[in-house]
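Peer 1: Everything below, folded, please.
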Amino acid sequence: MTAGYEAVIGLEVHAQLLTRSKLFCGCSTAFGAPANENVCPVCLGMPGVLPVLNRRAVELAVRVGLAAHCEIAQHSIFARKSYFYPDLPKGYQISQYELPVCRGGFIDLPADGGEAPQRVRLVRIHLEEDAGKNIHGAEASLVDFNRSGVPLLEIVSEPDIRSAPAAVSYLQELRALLLYLDASDVRMEEGSFRCDVNVSVRRAGSETLGVKAEIKNLNSFRFVEKAIGYEIARQIGELEAGRRVSQETMLFDPEREVTRPMRSKELAHDYRYFPEPDLPPLEIPGPLLEEIRVAMPELPAERRARYVTEGLSGYEAAVLTRDRGLADYYEATASGLRNRKSAANWVMTEVLRVVNETGRSLAKAVPSPAETGRLLAMVEGGTVSLNGAKNAFQAMCRTQQGAEATVAELGLTQVSDDAKIAEACDRVLAAEAQRVAEYRGGRDKLFGFFVGQVMKAMGGRANPRLVNEVLKRKLGEGA
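Peer 2: Reported below is the predicted structural model:
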């Protein structure tokens, strides 16, 4: 960023709630159905129909609000947000405005480099229905209403973020939170987790906010970072040239990696909000609120803190807890092992490498955590070497065969017999008499050569620790 300027960033995240039916009707929320199959008179906005609120969507909204330290409103109302778009059949969207279900709150970003975690305050979390989808072709534009009425949670942050990487960190933490709560599947490629970014710049040290631009519908972390970076540079360029920054809505062009104007930015009064007359106020009774609170799972921040107390570094804890499935896999793998840190390192390197290379889900790409744990237990017990375990793991990923059977089939069982290792050491040292003399004369680096020769003589199956011990003993003899 150009010296003398500071970015001010706020995010509006839309997360599709994990319900089987839509927010105000019984139509399916399943992704990928043929166009306009999951529709009915309610989500098509036909005259005379009435919405009925989905209780499960409310419960999920409360779960997210509690996890984000929000004040849960036991009395809230829905509102009509009026605007005209072809994908909005009623001419308005049922949302919340003045009295949302969740107010305030905050998200703490994971600490980086031992520093205190950054806190991003929230303005609100509210429920609303999604619009349909415009599909533009060469000869016509069509509308698919399958998504119309799908329940969304809009999570609005205060402008507390100061950089593109911090914005991505916030989104990753929010994504993890929603996954841990089973509130959303957060599949960005399917549009169930997307965000609008508000960006402005101001002189460093100033408390006055600059004119903001809103970048709409970003659906990947990489696009978020690229779009923010470009927009910050663009606005600084405008100010440095003596021009004013316009308040407008922007789109991000991922091919050219630039933002471009879409329309002038609307203000709240442009939407003509007023209470939704077809829905009664939303009342959340105290017993229901307490029932949801008691059933809350362990959240990412709590799990990170626990992992650190169990001996992992802050970095390791952050990587493992970013995805609940990965954290569960690590815990199941580490169960019964003496060294949990070795399990963490294995999951972060071997397991994630296979997942990333294959592009498959964790459950399909790698063996069960129980079998991975058995393999690591064999390493701890000296039955197989670390390199042997890596070879076995690759084979297990292909065959889905158990650890013990794979190690036996590949002949990877480690030799820990002192007599056999001593015999191999004697053969190597006898064959390398000149190098032995040089070693004893001070060429200490030759020790690694001897270790390699013994391992080669034993087909790579010798216990490295015992090889080192026996060689040191024998090379020390007659010194």
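Peer 1: Just the buried positions in stretch 9-29, please.
Peer 2: Neighbour-count burial for stretch 9-29, counted by 16 or more other Cβ atoms under 10 Å, picks out 9-19, 21-25, 27, 29. Any C-beta I mention is one placed from the backbone N, CA and C, and that applies to glycine too.
Peer 1: Revised request: answer the last question for stretch 335-346.
Peer 2: Judged by neighbour count (16+ other Cβ under 10 Å), stretch 335-346 contains these buried residues: 337, 340, 342-344, 346.
Peer 1: ends of that stretch, how far apart?
Peer 2: Length of stretch 335-346, first residue to last, Cα to Cα, to the nearest Å: 14 Å.
Peer 1: Now do the same for Leu18: helix, strand or coil?
Peer 2: coil (DSSP: H, G, I helix; E, B strand; the rest coil).
Peer 1: what residues are up against the nearest residue to it once chain neighbours are set aside?
Peer 2: Across the structure, with Cβ to Cβ, 6 or more residues apart in numbering as the measure, the residue nearest Leu18 apart from its sequence neighbours is Ser184 (5.4 Å). When contacts are counted by Cβ atoms under 8 Å, 6 or more residues apart in numbering, Ser184 is found next to 15-18, 60, 153, 178, 192-193.
Peer 1: For those residues, name the two members farthest from one another.
Peer 2: Farthest apart among these by Cβ to Cβ are Leu60 and Phe193. That separation is 14.0 Å.
Peer 1: and Glu139, what does it touch?
Peer 2: Taking Cβ under 8 Å, 6+ apart as the test, Glu139 contacts no residue whatsoever.
Peer 1: Do you know the pLDDT at it?
Peer 2: Glu139 is assigned a pLDDT of 89 by the prediction.
Peer 1: any idea how far Lys133 is from it?
Peer 2: 18 Å (Cβ to Cβ, to the nearest Å).
Peer 1: where are the low-confidence patches of the stretch 51-200 of the chain?
Peer 2: Counting by pLDDT under 70, the stretch 51-200 of the chain contains low-confidence ranges at 112-117.
Peer 1: A helix includes Arg473, no?
Peer 2: Yes. The assignment for Arg473 by three-state DSSP puts it in a helix.
Peer 1: from now on call the first residue 16
Peer 2: Got it, the first residue is 16 from now on, which makes the last one we talked about Arg488.
Peer 1: Contacts for stretch 367-375 next, please.
Peer 2: Applying Cβ under 8 Å, 6+ apart, the set of residues contacting stretch 367-375 from outside is 341, 376-377, 380-381, 409, 412.
Peer 1: that older thread, between the contacts of Ser199, which is nearest Glu240?
Peer 2: Taking Cβ to Cβ as the measure, Glu240 lies nearest Phe208 of the contacts of Ser199, at 15.6 Å.
Peer 1: which secondary structure elements does the longest helix anywhere in the chain contact?
Peer 2: The helix spanning the most residues in the chain, taking DSSP state H as the definition, is helix 236-255. Applying 3 or more Cβ pairs under 8 Å, 6 or more residues apart in numbering; DSSP states H and E, we find helix 236-255 packed against strand 20-31, helix 179-195, strand 208-218, strand 228-233, strand 263-268, strand 273-279.
Peer 1: In contact with Ala82, which residues are there?
Peer 2: The contact partners of Ala82, by Cβ under 8 Å, 6+ apart, come to 192, 195-196, 311, 314.
Peer 1: Return the backbone torsion pair for Glu204.
Peer 2: When read as degrees, to the nearest 10, the backbone of Glu204 gives phi -70, psi -20.
Peer 1: Restricted to helices, list the buried residues of stretch 350-361.
Peer 2: Per DSSP H, those map to helices at 355, 357-359, 361.
Peer 1: Closest to Val334 out of the residues you listed?
Peer 2: For these, the closest approach to Val334 (Cβ to Cβ) belongs to Ala359, at 8.5 Å.
Peer 1: which residue packs closest to that closest one, ignoring adjacent ones?
Peer 2: Excluding the flanking residues, the one nearest Ala359 by Cβ to Cβ, 6+ apart is Glu331, at 5.0 Å.
Peer 1: could you list every residue that touches that neighbour?
Peer 2: Listed by Cβ under 8 Å, 6+ apart, the contact partners of Glu331 are 322, 356, 359-360, 363.
Peer 1: Now stretch 389-402 - C-alpha only, PDB.
Peer 2: Listed next in PDB are the C-alpha coordinates belonging to stretch 389-402 (Å, rounded to 0.1, in the frame of the first residue of the first chain):
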ATOM      1  CA  ARG A 389      -2.200 -47.700  13.700                       C
ATOM      2  CA  LEU A 390       0.500 -46.900  11.200                       C
ATOM      3  CA  LEU A 391       1.900 -44.100  13.400                       C
ATOM      4  CA  ALA A 392       1.800 -46.400  16.400                       C
ATOM      5  CA  MET A 393       4.000 -48.800  14.400                       C
ATOM      6  CA  VAL A 394       6.500 -46.000  13.900                       C
ATOM      7  CA  GLU A 395       6.400 -45.200  17.600                       C
ATOM      8  CA  GLY A 396       7.000 -48.900  18.400                       C
ATOM      9  CA  GLY A 397       9.900 -49.200  16.000                       C
ATOM     10  CA  THR A 398       8.100 -51.700  13.800                       C
ATOM     11  CA  VAL A 399       8.400 -49.500  10.700                       C
ATOM     12  CA  SER A 400      10.600 -46.500   9.900                       C
ATOM     13  CA  LEU A 401       9.200 -43.000   9.100                       C
ATOM     14  CA  ASN A 402      10.100 -43.400   5.400                       C
END
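Peer 1: in it, what's buried?
Peer 2: Buried positions in stretch 389-402, judged by neighbour count with 16+ other Cβ under 10 Å: 389-394, 398-400.
Peer 1: just those now: which is nearest Gly417?
Peer 2: Within those, distances to Gly417 taken as Cβ to Cβ reach their minimum at Arg389, with 7.2 Å.
Peer 1: Spit out the contact partners of the closest one.
Peer 2: 417-419.
Peer 1: ditto for Val67
Peer 2: Val67 neighbours (Cβ under 8 Å, 6+ apart): 39-40.
Peer 1: Name the helix or strand for it, please.
Peer 2: Assigned by DSSP states H and E, Val67 belongs to no helix or strand.
Peer 1: any idea how far it is from Cys42?
Peer 2: Using Cβ to Cβ, one obtains 12 Å as the distance from Val67 to Cys42.
Peer 1: what do you get for Leu254?
Peer 2: Look at Leu254 and Cys42: by Cβ to Cβ, they are 48 Å apart.
Peer 1: Thr264 too?
Peer 2: Computed as Cβ to Cβ, the Thr264 to Cys42 distance reads 30 Å.
Peer 1: Same question for Val28.
Peer 2: Remark: distance between Val28 and Cys42 (Cβ to Cβ) = 24 Å.
Peer 1: And Gly457, by the same measure?
Peer 2: Gly457 sits 81 Å away from Cys42 when distances are taken as Cβ to Cβ.
Peer 1: and after the helix or strand harbouring Leu81, which helix or strand comes next?
Peer 2: Taking DSSP H and E as the definition, one finds Leu81 inside helix 70-82. Following helix 70-82 in sequence order, the next helix or strand is strand 86-87 (DSSP H and E).
Peer 1: Would you give the sheet partners of that following strand, along with the direction of each?
Peer 2: On the basis of DSSP bridges, the sheet neighbours of strand 86-87 come out as strand 117-118 (antiparallel).
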